[in-house]
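Participant: I'd like to go over a predicted model; first the sequence, then the structure.
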Amino acid sequence: MTEILEIDENSLAFAKRIIKEGGAVAFPTETVYGLGANAFDTAAVNGIYKIKGRPSDNPLIVHVHKDYDIGGLVRDIPQYAEKLKEEFLPGPLTMVFKSRGAVSPVVSCGLDTLAVRVPSHSGAQKFLKYVDLPIAAPSANISKHVSPTSAQHVLADLEGKIPLILDGGRCSGGIESTVLDCTGEIPVILRSGLVTREMIEKTVGACGEYAYKEGGVARSPGMKYKHYSPSCRTAMFGWNELQKALELYDEETAKGVKTLILCEESVISLLGGRKYVSLGKTPEEMASRLYAKLRECEKTAELIVAVAPEERGGVMAGVMNRLSKACGNGYER
Ligand code: AMP
Ligand code: MG
């Protein structure tokens, strides 16, 4: 049985007991819900891969509370990373450093690096402080499905598979953390997110971006997998391909296929009464709603026709990365 409990003294004590005994607990963060286990405990970390059906070469991020000394977990923290920590932590930024090998090797799938994150969500901080352990956690969904941004989303995927979901309400950020490689001369973005390239450049001057090419060696192993996918069919069009999207909608609807258009708010007036779900207006709003909207669509639609929002830099890079992996033929599939 899976319990959903508000975060208080009782649920935290229950969570701590589960973690100490080698189990897994779902907890809220400002990005998406995580599925956490004790990073020192190999059997517990293996359990996470098993529960999610996650490929065993896709490493996990270790989550710690804001007063935790990460110096015991990683080494060679460059000066620019200190600045970024100061500016963005706690927050939706994951930093990859050389590992000290203190946590289970299964966390990083044998890599000599470790990804560390300090979430800002008050419920996450309470949980991490209460257990006072580094918690290895991927998103709390079945592997490749849409990431969860509410306790109900976690339940829909993991009911009966985990004992406890700590309920911290809806996640405000909505897309996973920015993953930043901090092992080189300059930081390199491995996965875009709410801490944007522009924000990093403004803080430390330079920031690279790593683009995985099909068939190539993935520097961040998660890149080569299909992700965030709704359970129905999907199609994806560029923001300037609306006519093609509408043609597909009309063709499929004529065949009796339940079809929904997923698009940004400004496109709605051009849909001529066709059925749609709106992602919202601003990049931040679209990030925050994207996964909930994909889950909403898959409940009723047999086909989602996604129309990419217009490019506008910043957080939009993260939104487009997730949307194209969920609905399109993005290079990272
Ligand atoms: P998820 O837990 O589903 O949010 O995925 C975690 C992301 O962080 C994946 O894209 C991983 O490939 C990436 N990641 C975790 N650990 C490392 C690491 N040591 N080096 C590079 N990327 C990592
Ligand atoms: Mg995930």
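Facilitator: That came through fine. Ligands and ions are numbered 1, 2, ... in the order given.
Participant: now the biggest helix by length in the chain: average pLDDT?
Facilitator: In the chain, assigned by DSSP state H, the helix with the most residues is helix 283-300. Helix 283-300 shows an average pLDDT of 97 in the prediction.
Participant: name the residues of that helix that come out as buried.
Facilitator: For helix 283-300, the neighbour count (16 or more other C-beta atoms under 10 Å) marks 283-295, 297-298 as buried. Just so you know, the C-beta spots here come from the backbone N, C-alpha and C atoms, and that holds for glycine as well.
Participant: now do the contacts for residue 26.
Facilitator: 33-36, 140, 148, 151, 154, 158, 162, 164-166 (C-beta atoms under 8 Å, 6 or more residues apart in numbering).
Participant: so residue 231 sits against residue 141, correct?
Facilitator: No. With contact defined as C-beta atoms under 8 Å, residue 231 does not reach residue 141; the gap is 11.7 Å.
Participant: spell out which residues of the stretch 51-200 of the chain are next to ligand 2.
Facilitator: 138-139 (C-beta under 5 Å from the ion).
Participant: show me where the stretch 51-200 of the chain has strands.
Facilitator: Ranges of strands in the stretch 51-200 of the chain, per DSSP state E, counting those that start in this stretch, are 61-63, 74-75, 93-99, 113-117, 135-137, 164-167, 178-181, 188-191.
Participant: low-confidence ranges in the chain?
Facilitator: Where the chain drops to pLDDT under 70, the residues are 212-226, 329-333.
Participant: how about the residues of it by ligand 1?
Facilitator: 58-61, 96, 108, 111, 113-115, 138-139, 176, 179, 190-191, 220-222 (C-beta under 6 Å from any ligand atom).
Participant: from the contacts of residue 26, which land in helices?
Facilitator: Per DSSP H, those map to helices at 151, 154, 158.
Participant: isn't the second one up against residue 142?
Facilitator: Okay, so that is residue 154. No. Using C-beta under 8 Å as the test, residue 154 is too far from residue 142 to be in contact (10.3 Å).
Participant: before we move on, back to that, reformat the strands of the stretch 51-200 of the chain as CSV; add mean neighbour count and distance to residue 205.
Facilitator: Listed next are the strands of the stretch 51-200 of the chain as CSV, based on neighbours: other C-beta atoms under 10 Å; distance: least, C-beta to C-beta, whole Å:
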stretch, mean neighbour count, distance to residue 205
strand 61-63, 26, 25
strand 74-75, 18, 22
strand 93-99, 22, 17
strand 113-117, 25, 22
strand 135-137, 28, 31
strand 164-167, 24, 39
strand 178-181, 24, 14
strand 188-191, 22, 14
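Participant: wait, which of those is closest to residue 4?
Facilitator: strand 164-167 (4.7 Å; C-beta to C-beta).
Participant: which helices and strands does that closest one pack with?
Facilitator: strand 3-6, helix 9-20, strand 25-27, helix 151-158 (3 or more C-beta pairs under 8 Å, 6 or more residues apart in numbering; DSSP states H and E).
Participant: in its sheet, what does it sit against?
Facilitator: Strands flanking strand 164-167 in the sheet, each with its direction: strand 3-6 (parallel), strand 25-27 (parallel) (DSSP bridges).
Participant: would you mind finding the most buried of the ones you listed?
Facilitator: strand 25-27 (a mean of 28; mean count of other C-beta atoms under 10 Å).
Participant: re the thing from before, would TSV of the helices and strands packed on strand 164-167 with distance to residue 196 be doable?
Facilitator: As requested, these are exported to TSV (distance: least, C-beta to C-beta, whole Å):
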stretch	distance to residue 196
strand 3-6	33
helix 9-20	32
strand 25-27	25
helix 151-158	25
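Participant: return the most buried member of these.
Facilitator: The most buried one of the helices and strands packed on strand 164-167 (mean count of other C-beta under 10 Å) is strand 25-27, showing a mean of 28.
Participant: how far does that one sit from the chain's center?
Facilitator: 14 Å (C-alpha atoms, centre = their mean, to the nearest Å).
Participant: how about stretch 184-201?
Facilitator: With C-alpha atoms, centre = their mean, you get 16 Å for stretch 184-201.
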